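Engineer: predicted model follows, preceded by the sequence.
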Amino acid sequence: MAIRVHVANYVDATPALLPQLAQRRWDTSPYRKVHRLTWARLNRPTWPSNGSIAWKPIWGVQRPLPAGLPREDSHAMIAKSAAEEPTPSSEARPELLRDRLQMSLNIHSTDALALIQRSRVVMNGQVMKRDRWIKSNAHIEVNGHALNDLANLALLAHKPAKCALTDQDPMNRLTYTSLLPMPTMLACPVGRLDFASSGLLVLTNSHRIAAAVNSEDVLSATFLVFLQSPLENWQLTALRSPKPYGEGCLPETAQMTHDISTGVQALRLTLKQGKPTHVRHALAALGAPAAVEIRCVRLGPLSIEEPMLACGLTRPLMGSEIHAIHNRR
């Protein structure tokens with residue numbers, strides 16, 4: 001009955017009453033404020049420089065920066081830092097803070113922008129929240145560490161098995177960040193390992209070192225494969241040919257040996273352009289017993305056997321090792 005009366009009101013209404021009835025229905029409609037849902041309101045900062053493009057879920061708890069640091073809206077500190085800054089040379093050109101982080105830390109532009117939006121970057125004593133133009137002589141810190149120190153960071157780690165190669169894990173599993181000397185340091189993992197394998201892993205922010213370690217056609221990787229049961233002679237002979245590994249993997253040596261640390265018998269493979277996935281594929285193709293653990297013990301001139309590096313420990317890369325990596329290219 002109410003609907004009929006409502007319809008009747010529209011039918012019997014005069015032209016002067018129709019706008020009032022329409023306005024009444026609009027005021028009670030759930031879509032009456034839809035005009036306010038604009039892109040400018042949903043994403044208030046300017047896109048994409050300081051918008052939500054760099055957002056990603058954080059599964060862990062990040063250590064906050066010291067509360068005593070001044071914020072970027074502190075006009076007195078801004079004026080003080082501007083007066084103390086030395087005059088840049090005429091050849092120095094300003095650049096975006098995001099680009100400086102991207103080049104120094106060897107990360108994606110989106111990840112660099114995320115560091116700024118999460119207030120992880122301090123420039124000249126001020127916490128940065130937005131991307132901005134900076135001078136070449138600006139002193140920048142990320143998570144309390146100088147950017148120049150992070151850019152030259154190069155560590156050699158012994159990664160344990162079932163350790164994720166991502167900085168965060170939704171299942172709260174162990175990640176490579178636990179191998180860093182300090183949890184607030186930033187570094188990218190480089191090597192031939194995956195989640196299930198263990199062994200040699202390089203942690204660095206240097207683009208040159210990362211490119212040299214990732215050159216699969218130059219550096220050969222040596223793996224120790226611990227099996228459930230010994231191999232037969234024909235299976236060991238077949239592992240010396242490239243056919244069971246699949247396309248792109250070239251074996252150099254395959255022999256039975258003993259682990260230096262434990263004395264357990266293991267299969268020692270030296271592969272060019274090889275990864276743990278190629279080892280598993282070859283064992284499955286030959287009907288060999290499954291691998292209990294695959295450990296990378298050597299990658300070109302880098303080794304965790306000489307000198308011995310225990311599982312879960314990290315040491316800095318020596319200058320001779322870095323020089324040997326670059327000379328292999």
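Structural biologist: Ah, there it is.
Engineer: helix, strand, or coil at I107?
Structural biologist: Assigned with DSSP: H, G, I helix; E, B strand; the rest coil, I107 falls in the coil class.
Engineer: touching, it and C188? I think so.
Structural biologist: Yes - with contact defined as CB atoms under 8 Å, I107 counts as touching C188 (7.1 Å). C-beta coordinates here come from the backbone N, C-alpha and C atoms, glycine included.
Engineer: and those two? Which one has more around it.
Structural biologist: The neighbour count for I107 versus C188, taken as other CB atoms under 10 Å, is higher for C188 (19 against 16).
Engineer: now the element after the lowest-mean-pLDDT helix or strand in the chain, going C-ward?
Structural biologist: Lowest by mean pLDDT, DSSP states H and E among the helices and strands of the chain is helix 75-84, with a mean of 44. Using DSSP states H and E, the helix or strand that follows helix 75-84 in sequence is strand 95-96.
Engineer: pLDDT averaged over that next one - what is it?
Structural biologist: Strand 95-96 comes out with an average pLDDT of 90.
Engineer: note down every partner strand of that strand and its orientation.
Structural biologist: Sheet pairing for strand 95-96, assigned by DSSP bridges, gives strand 133-134 (antiparallel).
Engineer: what does the strand it pairs with rub up against?
Structural biologist: Under the criterion CB atoms under 8 Å, 6 or more residues apart in numbering, residues 94-97, 100, 123, 140 lie in contact with strand 133-134.
Engineer: wait, is T277 part of a strand?
Structural biologist: No - the assignment for T277, made by three-state DSSP, is helix rather than a strand.
Engineer: who's in contact with the nearest residue to it once chain neighbours are set aside?
Structural biologist: Closest residue in space to T277, ignoring its immediate chain neighbours: D194 at 6.9 Å, by CB to CB, 6 or more residues apart in numbering. When contacts are counted by CB under 8 Å, 6+ apart, D194 touches 165, 275-277.
Engineer: and the residue lying closest to D217 once chain neighbours are set aside, how many neighbours?
Structural biologist: Once flanking residues are discounted, D217 sits nearest to Q273: 6.1 Å by CB to CB, 6+ apart. Per other CB under 10 Å, the neighbour tally for Q273 reads 19.
Engineer: ok, Q273 - contacts?
Structural biologist: 216-217, 248-250.
Engineer: need phi/psi at it.
Structural biologist: The phi/psi pair for Q273 (degrees, to the nearest 10) reads phi 60, psi 40.
Engineer: report pLDDT for it.
Structural biologist: Q273 is given a pLDDT of 87.
Engineer: what distance do you get for it to G248?
Structural biologist: According to CB to CB, to the nearest Å, Q273 and G248 sit 5 Å apart.
Engineer: shared neighbours of the two, anything?
Structural biologist: Counting by CB under 8 Å, 6+ apart, no residue touches both Q273 and G248.
Engineer: next, E141: phi, psi?
Structural biologist: phi -130, psi 140.
Engineer: again with the one 4 residues further on
Structural biologist: Geometry field for H145 lists phi and psi as phi -110, psi 140, criterion degrees, to the nearest 10.
Engineer: the residue nearest to it when sequence neighbours are not counted: how many residues sit nearby?
Structural biologist: Excluding its sequence neighbours, the residue lying closest to H145 (CB to CB, 6+ apart) is M185, at 6.0 Å. Close neighbours of M185, defined as other CB under 10 Å, add up to 18.
Engineer: ok, back up a step: now the residue nearest to D217: how far from N148?
Structural biologist: Q273 is 34 Å from N148, by CB to CB.
Engineer: again, but for H207
Structural biologist: 15 Å.
Engineer: between those two, which has more neighbouring residues?
Structural biologist: A direct count of neighbours by other CB under 10 Å for H207 and N148 places H207 higher, at 14 against 11.
Engineer: just the pLDDT for that one.
Structural biologist: At H207, the pLDDT value in this model is 91.
Engineer: next one: A112
Structural biologist: pLDDT at A112 comes out at 91.
Engineer: quick one: contacts of stretch 252-259?
Structural biologist: Counting by CB under 8 Å, 6+ apart, 220, 224, 226, 230-231, 236, 239-240, 264-272 sit against stretch 252-259.
Engineer: buried subset of those residues?
Structural biologist: The neighbour count (16 or more other CB atoms under 10 Å) marks 220, 224, 231, 236, 239, 266-272 as buried among the contacts of stretch 252-259.
Engineer: so which of those residues are in strands?
Structural biologist: 220, 224, 266-272 (DSSP state E).
Engineer: so which pair among those residues is furthest apart in space?
Structural biologist: Maximum pairwise distance in those, criterion CB to CB, is 20.0 Å, between A266 and K272.
Engineer: I am finished for the moment; much appreciated.
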